[in-house]
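*Asks:* Sequence and predicted structure below; questions after.
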Amino acid sequence: MSEVRYTDQHEWIRLDGDEATVGITRYAAESLGDVVFVEVPAVGKAVKAGGEAAVVESVKAASDIYAPASGTVSAANEALSAEPSKVNADPEGEGWFFKLKGVDAGEFGKLMDEAAYKKFVESL
């Protein structure tokens, strides 16, 4: 059973067993506009919760993507290099950025659940 949590920087993290998938929310993708470039982290890179992990550029702006929790990058979505538009088309599916192993459960537990994230977005 997978569980999804959210950050106040509009990243999502889905924990499936011992691996977590990270991307940006639909709200973030729509706010960015058309994504034209994505830089994903290298496999094996250790990331800290709140630390820079990836970069996304759109026609409007360039933004850092932060790691929602600490862990080691176990996979990177290299397909985004050739098709950055996947981030706009399916931000919480095929537009994922990277996967993490060894996610800190305490950090994961502190993130917003879906209801809290929806309430947060409505307040913006």
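*Replies:* Structure's in. What do you need? Numbering: from 1, shown residues only.

*Asks:* Next secondary structure element downstream of the helix or strand containing residue 36?
*Replies:* Assigning secondary structure by DSSP states H and E places residue 36 in strand 35-39. For strand 35-39, the following helix or strand on the C-terminal side (DSSP H and E) is strand 46-47.

*Asks:* Strand partners (parallel or antiparallel) of that following strand?
*Replies:* Here strand 46-47 has these sheet partners by DSSP bridges: strand 71-76 (antiparallel).

*Asks:* which stretches of this protein form strands?
*Replies:* 3-6, 11-16, 19-24, 35-39, 46-47, 52-58, 62-66, 71-76, 98-101 (DSSP state E).

*Asks:* buried ones in the fourth one?
*Replies:* Okay, so that is strand 35-39. Buried residues in strand 35-39, counted by 16 or more other CB atoms under 10 Å: 35, 38-39. (Glycine included, C-beta is placed from N, CA and C.)

*Asks:* closest to residue 60 among those residues?
*Replies:* Each of the buried residues of strand 35-39 was scored against residue 60 by CB to CB, and residue 35 proved nearest at 9.8 Å.
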